[in-house]
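Chemist: Let's see this in three dimensions:
(one chain, ligands or ions: 2)
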Amino acid sequence: MAKPQLLKCAICGKEYEPEENLYTCPDCGLDGTFHVLYDYEKAAKEITKEKLRENDDFSLWRYKAVLPVEKDENIPPLAAGWTPLYSSQKLARTYGVKEVYVKDDGRNPTGSLKDRASAVGVAKALDYGRDVIACASTGNAASSLSGFAAVSGLKSIIFVPESAPVAKITQLLVYGACVVLVKGTYEKAFDLATEAIERWGWYNRNCAINPYLVEGKKTCAMEIAEQLNWDAPDFVFVSVGDGCIISGLYKGFSDLVKLGLTERVPHIVGVQAEGASPIYKAFKEGAPRVEFSPASTVADSISVGAPRNWAKALNGVRSSGGDMLAVSDDEILSAIPELARTTGVFGEPAGVTAFAGFRKAAREGKLPKDARVALVVTGNGLKDIDGARRAVGQPIVTEPCLLGLEKALKERNVI
Ligand SMILES: Cc1ncc(COP(=O)(O)O)c(C=O)c1O
Ligand SMILES: N[C@@H](CCOP(=O)(O)O)C(=O)O
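Modeler: Numbers count the residues shown, from 1 in each chain. Ligands and ions are numbered 1, 2, ... in the order given. Below is the predicted model:
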């Protein structure tokens with residue numbers, strides 16, 4: 001397992017020795033999220049292409065030489081990661097690029113990419129001998145934490161907005177979390193969780209605060225590169241709310257270069273919903289920081305007006321020569337059936353937002369014809385059925401007889 005060497009503030013660049021209760025830079029406050037740095041020379045000996053070829057651990061822990069967990073026995077017994085990467089020639093042809101790959105992270109055990117972070121967060125809490133772990137969430141970080149905490153014997157306390165989709169709230173209750181529905185937005189839930197965590201001394205699983213969580217998310221990037229035989233794509237599209245996943249993707253691709261496993265970091269393209277796009281706005285204005293504003297979008301997971309990991313997210317996009325895009329709710333909703341019908345991958349609204357952004361960029365001629373593109377689908381479509389139902393038609397309802405069926409099928413031009 002890897003002991004991180006240093007924590008480096010994403011704002012002022014100051015470096016710190018890792019300590020149990022050091023989450024963000026003391027000088028920069030909550031804005032000062034940390035990059036986690038390792039002894040890469042040492043790690044490069046442990047994590048080689050040959051060793052990975054022989055490694056039969058098809059989970060994110062195959063990269064444990066660069067994951068910040070100290071004891072093997074603390075790894076939760078629920079496999080996250082090594083999700084499928086599908087090649088879609090149909091999407092490549094339709095949108096005029098060379099290759100399109102779809103990384104289906106909705107296939108994680110609780111149905112979202114957040115499982116990668118929760119697996120690391122729970123292991124880290126156990127490393128520190130903690131027994132309660134808490135987070136604020138729009139729903140996916142929450143369901144994921146409650147699942148991983150349950151199998152590892154930790155108590156989880158979860159703060160979600162009262163409006164979170166019922167499937168996500170049900171997951172929390174099924175896994176036995178202490179579920180707190182906050183009357184208000186995700187931002188209100190986040191602030192209350194932060195105060196409560198401090199007041200009662202629970203371990204903090206919020207990715208936007210706890211630097212080790214982004215380390216879990218970076219494994220998605222590492223898998224994409226490994227699944228493409230270490231030939232990283234040119235562009236990676238991902239949806240953005242708080243900015244933690246996109247920061248993780250940039251970190252993953254950067255670590256691979258430091259380890260000598262790949263040659264370059266892809267252009268990272270973040271996609272936000274128009275109604276919740278503060279990072280997009282800051283990027284387009286070339287602003288040094290992100291201004292918070294109220295959020296409203298059908299994609300509940302990225303309905304974030306105060307993205308707490310903005311510094312690392314902006315840095316990832318800028319350093320990779322990437323871009324930020326904003327798409328409308330209609331563009332998000334129509335992406336759900338199109339992605340499902342072309343690739344079989346059913347994503348929740350935030351899960352298909354990367355595809356909606358890719359489609360828009362391609363239609364606007366922003367992508368070169370020889371581009372190799374990866375789209376990260378961050379959450380499973382079954383998480384938010386109401387969103388999906390808004391994007392599709394109605395089923396046929398018939399009396400239970402052939403005559404009735406024939407009439408109905410003719411009305412729909414099926415026969
Ligand atoms: C399905 C899904 N997609 C995208 C995101 C956005 O991730 P981040 O908040 O790290 O930017 C989330 C966060 O909840 C999510 O659940
Ligand atoms: N929208 C996210 C926010 C918190 O997730 P994190 O993994 O970034 O801490 C969610 O609730 O899933």
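Chemist: Give me the distance between Phe148 and Thr138.
Modeler: Between Phe148 and Thr138 the computed distance is 17 Å (C-beta to C-beta, to the nearest Å). Quick note: C-beta positions are derived from backbone N, CA and C, even for glycine.
Chemist: okay, the two: which has more neighbours?
Modeler: Taking other C-beta atoms under 10 Å, Phe148 and Thr138 do not tie; Phe148 has more neighbours (30 against 25).
Chemist: is the helix or strand harbouring the more buried one up against ligand 1 anywhere?
Modeler: Taking DSSP states H and E as the criterion, Phe148 maps to helix 140-152. Yes - applying C-beta under 6 Å from any ligand atom, one finds that helix 140-152 is in contact with ligand 1 at Asn140, Ala141.
Chemist: what's the model's confidence in that helix, averaged?
Modeler: Taken as a whole, helix 140-152 has a mean pLDDT of 97.
Chemist: Stretch 384-399 now?
Modeler: Mean per-residue pLDDT for stretch 384-399: 93.
Chemist: sorry, back to before: just list what the helix holding Phe148 packs against, helices and strands only.
Modeler: helix 114-127, strand 132-136, strand 155-161, helix 166-175 (3 or more C-beta pairs under 8 Å, 6 or more residues apart in numbering; DSSP states H and E).
Chemist: residues in contact with the nearest residue to Pro278 once chain neighbours are set aside?
Modeler: Distances taken as C-beta to C-beta, 6 or more residues apart in numbering put Val290 closest to Pro278, at 5.0 Å, once the chain neighbours are dropped. Val290 sits next to Pro278, Ile279, Lys281, Ala282, Pro307, Trp310, Leu314 when contact means C-beta atoms under 8 Å, 6 or more residues apart in numbering.
Chemist: ranking these by neighbours, who comes first?
Modeler: Within the contacts of Val290, most neighbours by other C-beta under 10 Å means Pro307, with 27 neighbours.
Chemist: thinking it is in contact with Ala313, fair?
Modeler: Yes - Pro307 lies in contact with Ala313 (C-beta atoms under 8 Å); the separation is 6.9 Å.
Chemist: what touches both of the two?
Modeler: Val240, Gly243, Ile279.
Chemist: for those residues, which one is nearest ligand 2?
Modeler: Checking these against ligand 2 with C-beta to the nearest ligand atom, the nearest one is Gly243 at 8.2 Å.
Chemist: you'd agree the closest one is up against Ala306?
Modeler: No - applying C-beta under 8 Å as the test, Gly243 and Ala306 come out as separate, 10.7 Å apart.
Chemist: Any residues of the chain in contact with ligand 2? List them.
Modeler: Checking the chain against ligand 2 by C-beta under 6 Å from any ligand atom, the hits are 114, 117, 135, 137-142, 206-208, 213, 241-242, 244, 301.
Chemist: Run through this protein and note the low-pLDDT ranges.
Modeler: Residues of the chain meeting the criterion pLDDT under 70: 1.
Chemist: quick one, strands of it?
Modeler: All strands of the chain, identified by DSSP state E, fall at 6-9, 15-16, 34-37, 85-87, 99-104, 132-136, 155-161, 178-182, 203-204, 235-239, 267-273, 323-327, 372-377.
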